[in-house]
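Q: Provided below for reference: sequence and predicted model.
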Amino acid sequence: MNVARLGRPELGDIEAAASRALDPYRARLKFREGTRCPGCGALYRAGNWVWDSDAMLGMYESLCPACRRVHDCLPAGYLRIDGSFAAAHRDRILQLLEDQNRIVCRREPLARIMSMLERDGVIEVTTTDADLALKLGEALQASYGGELDCEFNEAHHLVHALWSN
Ligand SMILES: [Zn+2]
């Protein structure tokens, strides 16, 4: 298993690797031009999933890779959030995560938060896209400081990120 454990200075490298590496969910599924996802409504056009609600364009139906991950309960990214600051500012943090999710998903339809669970002051976030877990961690760090650590498991195309503050 190829697991890269890197500290903060190399986060950019991890991000690059995660976005460069081929997500098996995207690689093994072939879609026909004009396929509409019945789960989220995204449209497969010119090799990409896009937001386009033109009813004339959806000729076929198939779950997109993101909805398939949700269906299979198999995230590509995990972000764990802990620390006393995080526990004390839970609502702000959840709001920031939702805002970032909306911003990223508008550009990249396959990048979404799958779940957010909170237990004993620790928030666990899962995402359909490996890179998104890291982007969410970076957004938290940019807004509130703290420490961001991350590892990318290339063999399983998985990002585990941890933000502590
Ligand atoms: Zn979908």
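A: Arrived safely.
Q: How far does stretch 115-132 sit from its chain's centre?
A: Mean-position distance between stretch 115-132 and its chain equals 10 Å (Cα atoms, centre = their mean, to the nearest Å).
Q: my bad, stretch 90-106
A: 12 Å.
Q: So it, near the ion or not?
A: No - if you take Cβ under 5 Å from the ion as the test, stretch 90-106 misses the ion, and the best it gets is 11.0 Å. For every residue, glycine as well, the C-beta is placed using N, CA and C.
Q: so who does Gly34 touch?
A: Contacts for Gly34 were tallied using Cβ atoms under 8 Å, 6 or more residues apart in numbering; they are Leu43, Tyr44, Arg45, Leu57, Gly58, Met59, Tyr60.
Q: Compute the distance between it and Asn153, please.
A: 34 Å (Cβ to Cβ, to the nearest Å).
Q: Give me every residue in this protein lying close to the ion.
A: Counting by Cβ under 5 Å from the ion, the residues of the chain lying close to the ion are Cys37, Gly39, Cys40, Cys64, Cys67.
Q: Tabulate the residues you listed (a markdown table), appending distance to Leu22.
A: Compiled in a markdown table, these are given as follows (distance: Cβ to Cβ, whole Å):
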| residue | distance to Leu22 |
| --- | --- |
| Cys37 | 20 |
| Gly39 | 22 |
| Cys40 | 21 |
| Cys64 | 16 |
| Cys67 | 19 |
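Q: Give the ChimeraX command for selecting the buried subset of these.
A: A single ChimeraX command is used to select the members of those judged buried by 16 or more other Cβ atoms under 10 Å:
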select :37,40,64,67
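Q: how about the residues of the chain next to the ion in TSV, adding pLDDT, distance to Gln95 and secondary structure?
A: Formatted as TSV, the residues of the chain next to the ion follow (pLDDT from 0 to 100; distance: Cβ to Cβ, whole Å; DSSP: H, G, I helix; E, B strand; the rest coil):
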residue	pLDDT	distance to Gln95	secondary structure
Cys37	96	27	coil
Gly39	96	25	coil
Cys40	96	22	coil
Cys64	95	26	coil
Cys67	96	25	helix
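Q: can you point me to the longest helix in the chain?
A: Determined from DSSP state H, the single longest helix within the chain is helix 90-107.
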